[in-house]
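>>> Got a predicted model here, sequence first, then my questions.
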Amino acid sequence: MSPKVSKEHQQQRRTKIVDAAKQVFIENGYERTTMKHVMDASKVSRGGLYQYFANKEELFEAILSESLSKTVEETRGLLNEKVDSYWDLILLRLFGKSKQPNDFMDPLAPSILEFFITSRNDIRRRSYGKERYELGIKIFSEIIEAGQKNKEFGSKYESEILARMIVAFADGLALDSAILPIEELKMKEQSIIFINLLKTALELKK
């Protein structure tokens, strides 16, 4: 087998493990998931699994990092193009392709919260969480700043403060969704109110 084929095969195998692991974390939560669960779900041997990931924490961080990296890459790609509406780009990042408030929550969100909440005394994991948080702030801040430069948004508030408000709202809903049933959370109704408040804060020129 040529080196190129071997590398492609390894990447495919890694992707298979990551995809299977994501479903396992969704079903079991972070703490209850074991590497044995992942091994069974991905149908790889113990050696095959540990060839790619040394432990559960490293595997979960890979899932989080790849998802966030994809979001950052897509957002910056759009910002480098001619954007018709920066407001639409904010809605895309908040609600997905529909760009509309809804009752959908990322099914991995409770496991993500569990991962970071239980890391309070873990310096390395807290550092990773801070890095992830700051990158999320940067994504929204870059969108808002571009919209301010384009005069779609006003400049009453700094882009970073508005970005922190957006992330705080999204994180708050994620936390509540780990505790309450979606029908009790009234996520769509809260989101509608929030985006109306955000429009005012941004001084949206529409």
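That came in fine, so what should we check first? Keep in mind the model is a prediction, meaning the values are calculated, not measured.
>>> how about the strands of the protein, start to end?
Read by DSSP state E, the chain holds no strands at all.
>>> May I ask which helix or strand of it has the lowest mean pLDDT?
helix 182-185 (a mean of 84; mean pLDDT, DSSP states H and E).
>>> Give me the average confidence score over stretch 81-93.
For stretch 81-93, the mean pLDDT works out to 92.
>>> Other residues contacting it?
Outside stretch 81-93, the residues that touch it by CB atoms under 8 Å, 6 or more residues apart in numbering are 71, 75, 78-79, 99-100, 139-140, 143-144, 146-147, 150, 152-153, 166, 195, 198-199, 202, 204, 206. (Each C-beta comes from the backbone N, C-alpha and C, glycine too.)
>>> Excluding chain neighbours, what is closest to Ile195?
Pro101 (6.5 Å; CB to CB, 6 or more residues apart in numbering).
>>> what bits of the protein have low per-residue confidence?
1-5, 206 (pLDDT under 70).
>>> Report the contact partners of the residue nearest in space to the middle of it.
A centroid search over the chain (CA atoms, centre = their mean) returns Leu68, at 5.3 Å, as the residue closest to the centre. Going by CB under 8 Å, 6+ apart, Leu68 touches 132, 135-136.
>>> Restricted to buried residues, select these in PyMOL.
This is how PyMOL selects the buried members of these, with burial counted by 16 or more other CB atoms under 10 Å:
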select buried, resi 132+136
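>>> Is it possible to get TSV of the contacts of Leu68 that adds distance to Leu180?
What follows is the contacts of Leu68, written out as TSV (distance: CB to CB, whole Å):
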residue	distance to Leu180
Arg132	24
Leu135	28
Gly136	23
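>>> Next step: the contacts of Leu68 restricted to helices.
132, 135-136 (DSSP state H).
>>> Using the record's assignment, carve this structure into domains.
For the chain, automatic domain parsing gives the domain ranges 1-54, 63-202.
>>> Now do the end-to-end distance for the last one.
Across domain 63-202, the terminal residues are separated by 33 Å (CA to CA, to the nearest Å).
>>> pretty sure Phe194 is touching Phe169, no?
Yes: shown here, Phe194 and Phe169 form a contact pair, counting by CB atoms under 8 Å, at 5.4 Å.
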